[in-house]
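Peer 1: Build me a model from this:
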Amino acid sequence: MPASPSRASERAPLTLADLYAVTGATPPASLVPPPAFERVVRVARHFSPDHSRIVHTEVRLEEAGPVDVVVSVPTGSGEWRSAVPAAWWCEPTWQRVDAFVEATKAPDSRLGRALTSAWLEFDAPSDAAAPLPGVFAGLDDRQGVPASLSPTGRLRHRLALAADAAEPLHGDALPPAVMEALRRVFERVPDAARLVYVGMMIQRSSPALRLCFLGMVPEQVRAFLHDVGWPGDADALVETVASLADGGPVPHMLHLDVWADGVQPRLGVEFPFQRIEQVWGRLSVGAWLQRLVRAGLASPAKVAALSAWPKYGVYWPTPGAEPQAVFRYVNHVKLVSDGGRLAAKAYLTMETHCWLFPRDQVETYGGPVWLPPELPPSTQRTRPRIPRRS
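Peer 2: As a prediction, this is how the structure comes out:
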């Protein structure tokens, strides 16, 4: 039955788990088996869309495997603490996350100036009372850096910025061998490339610092991987990436793991998807995804199921509340290498934000209203008309 403002009542704050339920955002079982999705929901219960407006579900496209969850958190120090259950901060690993938060708000913090976003990644979520995360800092490595700074100065700035992000998460100063390995990497980064993420999977037994670079074309990636001593086959990787980029999504981000013994085997390349078409429930990269199938990187069933995910609509957190928009889209596919075999992962994203159009366009009731996918593309830049329920 439709809910009305007169029946509005006090309710507990909506969680991301509630949002999955309210909007029917259950991924197809061929992509995320129900037991795996239940583990996703267990983590989502701890976060609110008021603080964590984006959540990615990471799924493997070729074979069954762990399903990971990545949750956005606000970058303000007070908001960080509000976004995460209070009891978690008492756990030793979470105290390292707390130290990272403190580092971002220190007076004249280089990390705080550069920070653009923050993310928590949970590996195959478990039943732990306080699940342990990886932490990723989104960065603008040009922030506060004069355009006239010399190449040596830029190198020192990136090295210091990476250390600023990593040391609180590591729990100590980075060992000299790690700093030397980072220096060798940053020395060989092309001039136009940018450092956009630094992260550590602090819940894993083997430490590594992940660096994410934006702005390298495939041939630059080839030379860069040879120069930094990546232990995989750089030529084969770049040939695969270039063949997939031909007429398809353009690869735009390189993930590289670094530690004391140098560049690690694990590496990732992201292929981002256009979002505007997904507002209308369409995913136009079907032919490109079939190339992943032919390359043995994805199963036909999983690729077919991806098209069921994109949707855009409106929901009401509580009866009588202001409407909120929810957008489900496939953010990107990432090719992952362990130095040898390649695998592909898709990132199913759910994002919420304020509904930007007049309230009188929508009826106040429970449940989402999805924009009809049959709307023509010519309406993409006009005000959506939301159908009323009788």
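Peer 1: Run the chain-centre distance for stretch 349-357.
Peer 2: The chain centroid and the centroid of stretch 349-357 are separated by 16 Å under Cα atoms, centre = their mean, to the nearest Å.
Peer 1: Quick check: mean pLDDT of it?
Peer 2: The average pLDDT for stretch 349-357 rounds to 80.
Peer 1: likewise stretch 137-156?
Peer 2: The pLDDT scores in stretch 137-156 average 90.
Peer 1: What are the buried residues along that stretch?
Peer 2: 137-141, 145, 154-155 (16 or more other Cβ atoms under 10 Å). Backbone N, C-alpha and C define where each C-beta goes, glycine included.
Peer 1: For these, work out which two are farthest apart.
Peer 2: 138 and 155 (21.0 Å; Cβ to Cβ).
Peer 1: circling back: can you put the buried residues of stretch 137-156 in CSV and add distance to residue 325 and secondary structure?
Peer 2: Converted to CSV, the buried residues of stretch 137-156 look like this (distance: Cβ to Cβ, whole Å; DSSP: H, G, I helix; E, B strand; the rest coil):
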residue, distance to residue 325, secondary structure
137, 27, strand
138, 22, strand
139, 28, strand
140, 26, coil
141, 32, coil
145, 36, coil
154, 39, helix
155, 42, helix
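Peer 1: that's a helix at residue 163, yeah?
Peer 2: Yes - according to DSSP: H, G, I helix; E, B strand; the rest coil, residue 163 belongs to a helix.
Peer 1: how close does it get to residue 198?
Peer 2: Distance of residue 163 to residue 198, computed by Cβ to Cβ, to the nearest Å: 9 Å.
Peer 1: higher neighbour count, these two?
Peer 2: residue 198 (26 against 19; other Cβ atoms under 10 Å).
Peer 1: Was I right to think that one contacts residue 160?
Peer 2: No - counting by Cβ atoms under 8 Å, residue 160 is not a contact partner of residue 198; they are 11.5 Å apart.
Peer 1: tally of neighbours for residue 334?
Peer 2: Other residues close to residue 334 by other Cβ under 10 Å number 20.
Peer 1: swap in residue 41?
Peer 2: Applying other Cβ under 10 Å, we find 17 residues neighbouring residue 41.
Peer 1: Please apply the same query to residue 103.
Peer 2: 20.
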